[in-house]
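Q: Quick one, what's the 3D model for this:
(one chain, ligands or ions: 1)
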Amino acid sequence: MNATIKSIGIYHPEREITNSFFETYLETSDQWIRERTGIEKRYFSLENEYTSDLCVKAVEALQKNHKTDVQEVDFIIVATSTPDQILPSAASRVQAKLGIPHAGCIDISAACGGFVYGIILAKGLIAAQTHRKVLVIGAETLSKAIDLSDRNSCILFGDGAGAVIVEVSSENHIFNALTDTEGNLGKELFISHLSETVDGEPILADRKMHQNGRAVFKWAVSTLVKNIPILVAKNNWKLDDIDFLIPHSANIRILEAVCKKLELPMEKCVESIRNYGNTSAASIPIAWYNGLVSGKIKSHDQLLLIGFGGGLTCAGICLENNIVLEKVD
Ligand code: UT7
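A: As a prediction, the model looks like this:
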């Protein structure tokens, strides 16, 4: 059974946080943040606004952009590292809030790779002919998990959500994928919940995000430079066949380093880091949507999506863009 993606919607909370917010209480500057990360602003959710709320808003936006019946969805996947609760899943909360009558629901925990993992799983459900219309949402409220006194990480992250529907199609537009994990590096990026140790080593168990930025940066560049050519070859493409690369937006310098090493023009790289910060599982659909709105990404363009982060894990997939924004009244 063939699969395609024809609809997308995104949402960011209303509370805009510019770099100057951090200047008011930390030893940092707008200039440092822009130069070292590319970030100009991000959005933080309100105190009583959680990941499932952002998911619902992204699906409502999807319904404004496309004529599609969300009630027909038969499986919901939410990729997130910041679910409202560990149990029940954010996907179950979304099912209840949208009143979708018959849907399987799971969350997946693959950090910034989560959205691509979601597409891979959704494609598998359709290929297995067990499901026909799968809602895949990447969503985060990372502002609730950051330590606002840690200047190494708090300036990076933002909140947001992006939703797509993976559905049965006469033609296949979702191609081969790649997944890759180095679990031994998990301690370089974590949010602790229940465990106070990793590999027997004590870790900070304050339920906040902790990152060894330099180590993750190095791993990210080498992993993307290794895996993008492998994924391209798995699809019988050449690097030149990529119309747009949509990597997870963690830091503009990671994207520039990868493009430089692979000799890909930066114009082919679609990002969401400047205006949203690092939104983890939401960063790829947000970038994809903005690429469509700006007119950069067009019908039938060949896209390579690749997420990377906490795990440390990486997932990529090639697909043909089949999304046309319609604006439904
Ligand atoms: O999405 C999941 C995957 N995550 C990533 O891919 C993130 C990867 N890492 C990064 O994006 C970068 O490593 C950071 C943005 C986190 C840090 O940038 P960096 O260029 O790697 O900086 P650094 O950690 O090497 O620190 C350089 C200096 C240090 O000062 P000293 O030791 O040289 O005196 C830091 O203390 O910059 C200092 N620094 C800051 N200065 C001003 C660190 N954070 C800040 C800050 N403002 N916010």
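Q: quick check: longest helix of this protein.
A: Using DSSP state H, we find that the single longest helix of the chain is helix 213-234.
Q: and whichever helix or strand comes after that helix, does that touch the ligand?
A: Going down the chain from helix 213-234, the next helix or strand is strand 244-247, by DSSP states H and E. No: for strand 244-247, no contact with the ligand is found by C-beta under 6 Å from any ligand atom; the gap never falls below 10.1 Å. From N, CA and C alone the C-beta is placed, and that goes for glycine too.
Q: list the helices and strands strand 244-247 packs on?
A: helix 252-262, helix 283-293, strand 302-309 (3 or more C-beta pairs under 8 Å, 6 or more residues apart in numbering; DSSP states H and E).
Q: Residues in contact with that strand: which ones?
A: Strand 244-247 has contacts (C-beta atoms under 8 Å, 6 or more residues apart in numbering) with 224, 228, 254-255, 258-259, 264, 268-271, 284, 287-288, 291, 296-297, 301-308, 321.
Q: now do stretch 288-305
A: Stretch 288-305 is contacted by residues 8-10, 115-116, 119, 162, 228, 231-232, 237, 241-247, 270, 272, 275, 284, 316-325 when judged by C-beta under 8 Å, 6+ apart.
Q: Buried by neighbour count, from those residues: which ones?
A: For these, a burial check counting by 16 or more other C-beta atoms under 10 Å picks out 8-10, 115-116, 119, 162, 228, 231-232, 237, 242-247, 270, 272, 275, 284, 316-323.
Q: quick one: low-confidence ranges for the protein?
A: Within the chain, the ranges that satisfy pLDDT under 70 run 328-329.
Q: Can you pull the residues of it lying near the ligand?
A: 28, 32, 36-37, 112, 151-152, 155, 213-214, 216-217, 220, 250-251, 254, 278, 280, 309.
Q: Restricted to buried residues, select those in ChimeraX.
A: To isolate the buried ones among the residues of the chain next to the ligand in ChimeraX, judged by 16+ other C-beta under 10 Å, type:
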select :28,37,112,151,155,213,216,217,220,250,251,254,278,280,309
